[in-house]
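**Student:** This is a predicted model, with the sequence first.
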Amino acid sequence: MDMINEYRPSLMRGLKALLHRELKKWLKDPVMVVMFVLQPLIWMGLLGKSLNIGGLFSSNIIDLSQVMSLPQVVPIPGDVIINPPGLQVVLLNGTKLSQVMLANLNSTISSLSSMVMQSAFGVTDYFSFMSVGMISMIVVTTTMFSGVSIVWDRRLGFLGKVLSTPVSRAAIIFSKVLNATLRAMFQATVILVLAYLLGLQLSPSFTPINLLGIYAAVFLLSVGLSSIFVAFSIRSTRMERPMQFITLVTMPLMFSSNIFFPIQLMPEWLQVVASVNPLTYLTDAVRYLTILPTDLSAVIMDFLYLGLFASIFSIIGIILSWRYLTM
Amino acid sequence: MKEVVVRAENLTKIFNRSIVAVDHISFNVWKGEIFGFLGPNGAGKTTTINMLITVLRPTEGIASVMGYDVVKQANEVRKIIGVVPQEYTADEDLTGYENVMLCADLYGIPRDVAKRRALELLDLVDLLDFKDKRVETYSGGMRRRLELACGLINRPRVLFLDEPTLGLDVHTRAAIWDYIKRLKEEYDMTIFMTTHYLEEADALCDRIAIIDRGKIVAMGSPGELKNSLGGDVITLALKENADATEVIKSVENVKNVKYENGVYRIKVNDGEVTAPLIIDALRKRGYTVIRFSLTKPTLNEVFLEYTGRSLRDVEESKESFIAHRITLMKARGR
C-alpha cells in the first residue's frame, strides 16, 4: 500500500527537470537573449571603435610644427649637420628641409605607435583588445541574473513549492548555476562571432581547438560567480537587492580588470585589485587563445587561478545556499 | 480511536526576533478530515503552513506530519505531503502537462507511473483538453486546478491548501470546492487548508481553527463554533398584547428570552427543531404568532465574538492586505 516511500528523488533527475525548466524559459524569450548580447555589443561597437587609441599617434593628432619649433630650423645653403639641443636632425636643403623631416617623423611616429600598442595591448588595434574582454562582461551580467531569477522564483511561490518537495536542495542551486553557465557560454559564442564580424583580428596561432579553452575558462568563471550571486540572493524576497548589487558591482568589477586597459599601466593599488579580480584571468586566457600568440604557460596560470576561484566560491556559495534552503 | 495526522505543539514563528507571526499554537488534525485555518490576512496562516510543509523552521515548538518531525525528518515529511500554495506557481512558459511532469520529477516518481498519473489527474481536474497548452493561456480557475493536480502527483497522505480560492470569483470558487471534495474522496486524503473566506471554511471544513494575530482563538466544527455563541436566534411577535415569556421559556432548548417593544428575541439551541415547538406551545395557550424569523449564527459572528472584529471588514481591505504582505516579506527577507 505504501508505495510513496519507494520514490527516490535523485539529484540528477531533479537537476535535469529544473534545468530543463530554466532553459525553456530562456529560449522562450528571444528578446532577453538579444538584450543580453546587445549590451556588450554596444560597448564593443561604440567604446571599442571610438576609443581609437592607436590613432592617438598620428600626424593629425601630433602637430609636428610645434614639436619642431622654428628657431631650430635654420635655412643654410648646402648640406649641413647641426645639433640643436635635445634633437638630432639632419638638415638637407634649405627649402625642402621641413618636408623631409615631417616625412621621417611621420613614419617614426607610426612605427612608434605600433610599438606602443604592441607592448601595451599586445595587438596593434584597440578594438581587438577590448572586444574579447566583452566575454568577461557577459559572464558577469549573465551570472548576476541567476541571482535575480531565484528571487523571482521565491516571489512567484515556485521556490516555496519546490522546497516542499523532497528534491535535493543541491539540485535547486545547481540548476541556477548551470543555467547561468550555459547561458554565459552561449552568449560568449555570440560575442566572439560578432566581434569577428566587426573586425576582430585573430592571431595566426588561433585554431578552433582554442574555442574549447575559451569555453572551459568561461565555464569556470561562470560557476564561481553564479554560485556567489545565488547565495547572495537566496534569502532575498525583494528584487531591489540583487538589482542594486548588480549595478553596484558590475562597473567596478569590469574597470578594475584588464578588460579595457592593460594592468601594467594602472596605478599600483589598482594593479593589486586587478590581479585578484577573476575577470582579469578570464580575459587574459581568452586573449591568449584568440588575438595573441598562444602562450601555454600563461594560459595554464590563468586556468589555475580560475579553477581555484571557481572551486572556492562555488563551495562557499553552495554551502551558504544549502544552509538556507535546508531551513 | 482517531488517528492524528498533523500535530502541532506550541508552534511559534518569530521573524526578525520581534515580529511574532505565529504564537504558541497547538492543534491536532485527524485522519480523513478537512481541517481549516480561518483568519484574516496576516493572521499567521501561511506562516503556519510553511512550517508544516518544511519550508520554514519554527522558532519554537514542534510539529509533525504522520509522526515525522517537520524539522528533523523534513525529507520524510516532504515525500508524503502535497502542497498547493496560494500563489500560482505553475510555470507560465510550460504546458499544463509539462508542469505536472516537472512536479513528478521533483518527487522522483518513475517516468511511466508519472505519465499515467499526470493524465489521470489532469482528467480529474478537467484539464485534459488543455494539457498541451501553455499555462499563460489558462484562466485563474484552470491554474488553480493545475496546482491541485501538481500537488497530488505524489499521492500525498496530507494535502496542504493555502488559500485555495484566493482571488477567484464566486462561481469558480464553488467549482474548486467541488474538485477539492472529489479529490479528497478519490485519494482518501487528509486536508489542511487555510482560508479567509467564511463561506469556504463553512462549506469545506470538518473542523476549523480560528486564528487571529498568530493565536488560535477558537477551534471546533463549524456547527460547534456557531453553537458556542449561544445558539440560534428566533424573533417573533404576537397578536395578543400580553407577556408570554414564561410560556416560551418552558419549551425545551430555549436558553434565553427577551421581550422588547412587542418583539421576543429568543436564544435557542437547534433552531429548526425548537421553532415549531415554541409556536405549538404558544398556540396551545391561545396566542397567535404574527411575525417570525430564525437566524442562525454565521462564522462571521463567531469570528466577531472571538476576535472583536468582523472578518468581512478585514477581508475587503485590499490595501491593508498588500501592505501586510510587504511587511511580512520584508521581515522574512531580513
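**Tutor:** In hand now; what should we look at?
**Student:** what's the closest non-adjacent residue to the residue nearest the centre of chain A?
**Tutor:** Closest residue to the average C-alpha location of chain A: A:Ser136 at 2.6 Å, with CA atoms, centre = their mean. Closest residue to A:Ser136 apart from its sequence neighbours, by CB to CB, 6 or more residues apart in numbering or on different chains: A:Leu279 at 4.4 Å. The C-beta positions use only the backbone N, C-alpha and C, and glycine is treated the same way.
**Student:** pretty sure that neighbour is in contact with A:Pro252, am I right?
**Tutor:** No. When contacts are counted by CB atoms under 8 Å, A:Leu279 is not listed as touching A:Pro252 (10.6 Å).
**Student:** ok, these two, which is more surrounded?
**Tutor:** Ranked by neighbour count (other CB atoms under 10 Å in any protein chain shown), A:Leu279 and A:Pro252 place A:Leu279 first, with 23 against 11.
**Student:** Give the helix, strand or coil label for the more buried one.
**Tutor:** Three-state call for A:Leu279 (DSSP: H, G, I helix; E, B strand; the rest coil): helix.
**Student:** Which strands and helices lie in contact with the one helix or strand A:Ser314 maps to?
**Tutor:** Following DSSP states H and E, one finds A:Ser314 within helix A:296-325. With contacts taken as 3 or more CB pairs under 8 Å, 6 or more residues apart in numbering or on different chains; DSSP states H and E, helix A:296-325 sits against helix A:169-197, helix A:209-233, helix A:278-289.
**Student:** Now it: average pLDDT?
**Tutor:** Regarding helix A:296-325, the rounded mean pLDDT is 89.
**Student:** how about the nearest residue to residue 230, chain neighbours excluded?
**Tutor:** Because you didn't say which chain, this covers chain A. Nearest residue to A:Val230 in three dimensions, chain neighbours excluded: A:Lys176, at 5.0 Å (CB to CB, 6+ apart).
**Student:** wrong chain, I was asking about chain B
**Tutor:** B:Lys267 (5.1 Å).
**Student:** Which residues are in contact with that neighbour?
**Tutor:** B:Gly230, B:Gly231, B:Asp232, B:Val233, B:Val254, B:Lys255, B:Asn256, B:Val257 (CB atoms under 8 Å, 6 or more residues apart in numbering or on different chains).
**Student:** hang on, the fourth one in a strand?
**Tutor:** This points to B:Val233. Yes. The assignment for B:Val233 by three-state DSSP puts it in a strand.
**Student:** mean confidence score for stretch A:175-185?
**Tutor:** Stretch A:175-185 comes out at a mean pLDDT of 92.
**Student:** Could you do stretch A:126-134 as well?
**Tutor:** On average, the pLDDT along stretch A:126-134 is 88.
**Student:** Repeat that for stretch B:227-234.
**Tutor:** Per-residue pLDDT over stretch B:227-234 has a mean of 81.
**Student:** What's the separation between B:Ser221 and B:Thr172?
**Tutor:** As judged by CB to CB, to the nearest Å, B:Ser221 and B:Thr172 stand 26 Å apart.
**Student:** and those two? which has more neighbours close in?
**Tutor:** The neighbour count for B:Ser221 versus B:Thr172, taken as other CB under 10 Å, is higher for B:Thr172 (17 against 13).
**Student:** Would you mind pulling the contact partners of the strand or helix carrying that one?
**Tutor:** Assigned by DSSP H and E, B:Thr172 belongs to helix B:170-187. Residues outside helix B:170-187 that contact it (CB under 8 Å, 6+ apart) are B:34, B:124-125, B:139-141, B:144-145, B:148, B:152, B:155-156, B:159, B:161, B:164-165, B:168, B:189, B:191, B:197, B:199-200, B:203-204.
**Student:** Let's see that with 7 Å instead.
**Tutor:** Applying CB atoms under 7 Å, 6 or more residues apart in numbering or on different chains, the set of residues contacting helix B:170-187 from outside is B:34, B:124-125, B:140-141, B:144-145, B:148, B:152, B:155, B:164-165, B:168, B:191, B:200, B:203-204.
**Student:** Would you mind writing the PyMOL command to select the buried ones in the residues you listed?
**Tutor:** Buried residues within these, by 16 or more other CB atoms under 10 Å in any protein chain shown, are selected in PyMOL with:
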select buried, chain B and resi 34+124+125+141+144+145+148+152+155+164+165+168+191+200+203+204
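**Student:** returning to what we had before: of the helices and strands packed on helix A:296-325, flag the one that's most buried.
**Tutor:** Mean neighbours per residue, mean count of other CB atoms under 10 Å in any protein chain shown, is largest over the helices and strands packed on helix A:296-325 for helix A:278-289, with a mean of 26.
**Student:** So which other helices or strands are in contact with that one?
**Tutor:** helix A:126-155, helix A:209-233, helix A:296-325 (3 or more CB pairs under 7 Å, 6 or more residues apart in numbering or on different chains; DSSP states H and E).
**Student:** would JSON lines of these with distance to A:Gly54 be doable?
**Tutor:** Below are these laid out as JSON lines (distance: least, CB to CB, whole Å):
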{"stretch": "helix A:126-155", "distance to A:Gly54": "6"}
{"stretch": "helix A:209-233", "distance to A:Gly54": "25"}
{"stretch": "helix A:296-325", "distance to A:Gly54": "23"}
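**Student:** which parts of stretch A:113-124 are buried?
**Tutor:** Neighbour-count burial for stretch A:113-124 [16+ other CB under 10 Å]: A:Ser113, A:Val116, A:Met117, A:Phe121, A:Gly122, A:Val123.
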